[in-house]
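S.K.: sequence? don't have it. structure:
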Ligand code: ATP
């Protein structure tokens with residue numbers, strides 16, 4: 001597949017819309033009068049991982065905010081599993097199967113690990129015991145920290161707690177914003193391993209990352225966003241090849 005910015009908009013990934021977990025079409029959004037996304041097209045097929053790369057300020061988080069219902073687009077469409085969800089409230093996005101794990105903000109810092117799990121249990125309407133079982137099976141380390149305030153967890157442990165929400169909700173789509181931010185390489189490798197497992201379980205994952213190399217390894221597709229537009233979309237190897245060394249260096 002040749003990776004030409006003109007041809008390889010996400011729409012050309014080849015995903016049948018009937019099986020797409022998340023689609024955005026001609027999406028425009030911004031803050032106040034400042035437009036940040038200038039007509040973005042992106043398709044995330046079910047059960048796949050799409051790595052969204054791009055320099056600081058490109059609009060990646062803004063796109064995630066539109067995909068999770070936090071930010072209402074000014075025009076264009078967001079579809080979750082084929083449903084048009086532009087005008088619905090963020091909790092309806094969650095009910096439609098979207099789980100957003102925002103950069104470093106997915107937990108209540110002043111609650112203990114167990115109390116956070118209890119919140120997830122209420123939010124997902126899943127018995128607390130089952131939530132604990134799922135979280136601790138995946139992250140045994142959290143079990144030892146049950147009574148500890150989330151604020152005092154290490155960065156990696158906090159990210160694990162934050163990602164535990166995904167097992168509770170069993171979402172169709174996960175939006176992960178820079179899960180590796182500030183973490184040690186071993187922890188990052190562990191989290192990426194988990195991303196692979198979640199995708200194998202059928203969860204579609206949109207992964208915004210600064211660690212381009214790692215993200216490209218775990219992804220089925222990759223896209224590069226620059227200045228509010230998708231520049232390139234395609235197979236991760238091909239996208240990597242088409243990124244200049246300097247540009248990839250910017251994001252490594
Ligand atoms: P980074 O990799 O640095 O997190 P990004 O690609 O995720 O960047 P965004 O966070 O989406 O980029 O930001 C895109 C642009 O929108 C930036 O110019 C940013 O300053 C601006 N922006 C983001 N959030 C807001 C906000 N709440 N109000 C006003 N401007 C914002």
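M.R.: Good, I have the coordinates. Predicted model, so just to flag it, every value in this text is computed and none were measured.

S.K.: what comes up buried for the helix or strand hosting residue 156?
M.R.: Assigned by DSSP states H and E, residue 156 falls within helix 155-169. By neighbour count on 16 or more other CB atoms under 10 Å, the buried set for helix 155-169 is 156-169. Bear in mind the C-beta positions are built from the backbone N, C-alpha and C, glycine included.

S.K.: same deal with stretch 226-240?
M.R.: Buried residues in stretch 226-240, defined by neighbour count with 16+ other CB under 10 Å: 226, 228-236, 238-240.

S.K.: go on, stretch 60-75?
M.R.: Of all the residues in stretch 60-75, those buried under the rule 16+ other CB under 10 Å are 60, 61, 62, 63, 64, 65, 66, 67, 68, 69, 71, 73.

S.K.: repeat that for stretch 30-47.
M.R.: Buried residues in stretch 30-47, counting neighbours by 16+ other CB under 10 Å, are found at 30, 35-37, 39-47.

S.K.: show me where the stretch 51-200 of the chain has its helices.
M.R.: Taking DSSP state H, counting those that start in this stretch, the helices of the stretch 51-200 of the chain run over residues 60-67, 90-95, 113-124, 128-138, 140-144, 155-169, 185-200.

S.K.: neighbours of the nearest residue to residue 27 once chain neighbours are set aside, just the number please.
M.R.: Residue nearest to residue 27 in three dimensions, not counting chain neighbours: residue 76, with 3.7 Å by CB to CB, 6 or more residues apart in numbering. Using other CB atoms under 10 Å as the criterion, residue 76 is surrounded by 17 other residues.

S.K.: contact partners for residue 76?
M.R.: Applying CB atoms under 8 Å, 6 or more residues apart in numbering, we find residue 76 in contact with 24, 25, 26, 27, 28, 29, 39, 40.

S.K.: those residues into JSON lines, with extra columns for distance to the ligand?
M.R.: As requested, the contacts of residue 76 are arranged in JSON lines below (distance: CB to the nearest ligand atom, whole Å):
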{"residue": "24", "distance to the ligand": "14"}
{"residue": "25", "distance to the ligand": "19"}
{"residue": "26", "distance to the ligand": "18"}
{"residue": "27", "distance to the ligand": "12"}
{"residue": "28", "distance to the ligand": "13"}
{"residue": "29", "distance to the ligand": "9"}
{"residue": "39", "distance to the ligand": "15"}
{"residue": "40", "distance to the ligand": "11"}
